[in-house]
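K.L.:
Take this sequence and fold it.
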Amino acid sequence: MDKKILIFGNFPFNLDNEFIDTNHLALYFSRKGDRVDFITSPAYFVDILVPFLNRVKARMKNYLYSGIPITENLTQYTPLVPLPLRDIFPLNTAFNARLFRDGFRLSRFAREDYDVCFVSQGFMLLWADLVRSKVFVYRYNDLLEGFGSHPPILGEWEERFIKSRCNLVLAVNERLKKHLLTKYPDVRNIKVLPNGVDIEAFRNAQPDRELMSIRKKKVVFCGSIDFWVDVNLMYQLASSLKDIVLVIVGPARISIKKLLVLPNVIYLGSKNFREIPGILKACDVGIIPFVKNKLTEYVERPLKYYEYIAAGLPVVATGLCETDNRNEYVKNLRDREMFIEMVKRVKVYDLDERERIKSAVDNNDWSNIFRTMESYIEELGLL
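P.N.:
Predicted coordinates for the structure are as follows:
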């Protein structure tokens with residue numbers, strides 16, 4: 001019998017933005033014939049005050065046309081709530097959290113019965129508490145406390161959800177699992193489920209022609225540019241190595257103006273996820289320049305790690321936590337000078353070598369990852 005699935009995901013399908021595990025999860029179940037309702041980040045009443053911002057217009061449009069069909073069995077919805085939740089007064093108050101929650105209480109999703117509800121971190125924990133589902137799965141990708149914009153009240157809701165409603169917690173790595181076990185010693189249903197990648201999408205993609213026409217060594221950063229990304233290091237990299245081209249793909253949520261004035265920097269902005277494999281395959285080195293902070297202390301292999309490898313790129317990183325599972329094509333350096341020197345030294349690999357690089361993630365296709373997840377659910381006798 002087909003299941004009814006509810007998935008809370010941060011990034012909508014119909015915009016040029018990040019495409020993460022919850023998006024892949026929704027496609028996985030819909031292709032199996034299950035009915036999937038996908039809930040995106042909300043639109044806000046206050047959005048009408050700044051309608052000239054593109055991201056605001058996109059949110060409001062998704063709300064106004066909520067119920068967007070993505071596939072035959074997958075539909076996307078965008079709720080409407082009064083105000084966002086942030087770590088500033090009055091957005092961090094219990095009163096605003098109640099308003100935020102009650103906005104979702106009025107939706108039909110709080111009245112329907114689901115077989116499985118998948119929840120990611122953040123404010124959607126308030127909504128999940130209103131859902132009626134046989135099984136609740138909590139995807140723990142990052143340290144919740146590592147996001148400075150999250151009000152402390154979300155930590156209280158996370159604890160309540162894990163202890164009272166959640167059937168299975170899926171930490172993205174062992175380090176986060178140990179953190180959760182220390183934080184919630186009485187919780188036993190915590191498993192590790194790593195990130196993955198759409199192998200077929202990368203296998204079938206053709207390298208971007210325009211980027212391929214650039215004969216210099218192309219170093220790429222792909223992903224959101226936020227407080228965990230070391231923009232100063234990227235500037236120093238492009239300034240020091242004038243014989244490379246730094247290609248940046250993704251939404252910039254912090255200022256990158258200093259990068260844009262450099263002649264060897266190409267900023268492509270946000271791209272549809274279907275374009276990403278071709279862009280990466282046209283480049284030579286993938287970089288992960290993270291700052292060392294409370295959040296990245298628990299980041300081991302982010303999504304971009306798997307995407308770079310699937311594109312056949314060697315990876316140079318800094319700021320990631322160490323892992324015992326090493327890859328000879330991945331270098332995680334401790335300081336800025338070593339990072340830049342390694343980007344300079346890593347060679348441009350030929351097609352045969354790039355095929356060997358790709359083989360490291362052959363078993364990390366999202367379908368394999370999600371089958372493992374389903375086996376966890378079955379082992380616990382949840383369905």
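K.L.:
What average pLDDT does stretch 97-113 get?
P.N.:
Stretch 97-113 carries an average pLDDT of 90.
K.L.:
how long is it end to end?
P.N.:
End-to-end span of stretch 97-113 (CA to CA, to the nearest Å): 24 Å.
K.L.:
now do stretch 283-301
P.N.:
20 Å.
K.L.:
try stretch 224-235
P.N.:
Start-to-end, stretch 224-235 (CA to CA) is 16 Å.
K.L.:
List the contacts of that stretch.
P.N.:
The contact list for stretch 224-235, computed with CB atoms under 8 Å, 6 or more residues apart in numbering, reads 18, 148, 221, 223, 246, 248, 250-256, 258-259, 262, 287, 289-291, 293, 295-296, 299, 318-319, 336, 339-340. Where C-beta positions appear, they are placed from N, C-alpha and C, glycine not excepted.
K.L.:
Could I get the buried residue list for the longest helix seen in the chain?
P.N.:
For the chain, the longest helix by residue count, based on DSSP state H, is helix 366-379. The neighbour-count check on helix 366-379 (16 or more other CB atoms under 10 Å) flags 366-367, 369-370, 373, 376-377 as buried.
K.L.:
got the CA coordinates for stretch 140-157 in PDB?
P.N.:
C-alpha atoms of stretch 140-157 as PDB (Å, rounded to 0.1, in the frame of the first residue of the first chain):
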ATOM      1  CA  TYR A 140      20.100  16.100  12.200                       C
ATOM      2  CA  ASN A 141      22.500  17.600   9.700                       C
ATOM      3  CA  ASP A 142      24.200  20.300  11.800                       C
ATOM      4  CA  LEU A 143      24.600  21.400  15.400                       C
ATOM      5  CA  LEU A 144      21.400  23.400  16.100                       C
ATOM      6  CA  GLU A 145      23.200  25.700  18.600                       C
ATOM      7  CA  GLY A 146      25.800  26.500  15.800                       C
ATOM      8  CA  PHE A 147      23.300  28.800  14.100                       C
ATOM      9  CA  GLY A 148      23.500  32.100  15.800                       C
ATOM     10  CA  SER A 149      20.200  33.300  14.300                       C
ATOM     11  CA  HIS A 150      18.200  30.500  15.900                       C
ATOM     12  CA  PRO A 151      16.500  31.600  19.100                       C
ATOM     13  CA  PRO A 152      17.200  29.500  22.200                       C
ATOM     14  CA  ILE A 153      13.500  28.500  22.300                       C
ATOM     15  CA  LEU A 154      14.200  26.200  19.300                       C
ATOM     16  CA  GLY A 155      16.500  24.100  21.500                       C
ATOM     17  CA  GLU A 156      13.600  23.600  23.900                       C
ATOM     18  CA  TRP A 157      11.400  22.400  21.100                       C
END
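K.L.:
Verify the stated contact: G155 with G146.
P.N.:
No - look at G155 against G146 with CB atoms under 8 Å: they stay out of range, at 11.4 Å.
K.L.:
Specify which residue of the two has the higher count of neighbours.
P.N.:
G146 (17 against 14; other CB atoms under 10 Å).
K.L.:
roughly how far apart are the more buried one and H179?
P.N.:
Distance of G146 to H179, computed by CB to CB, to the nearest Å: 11 Å.
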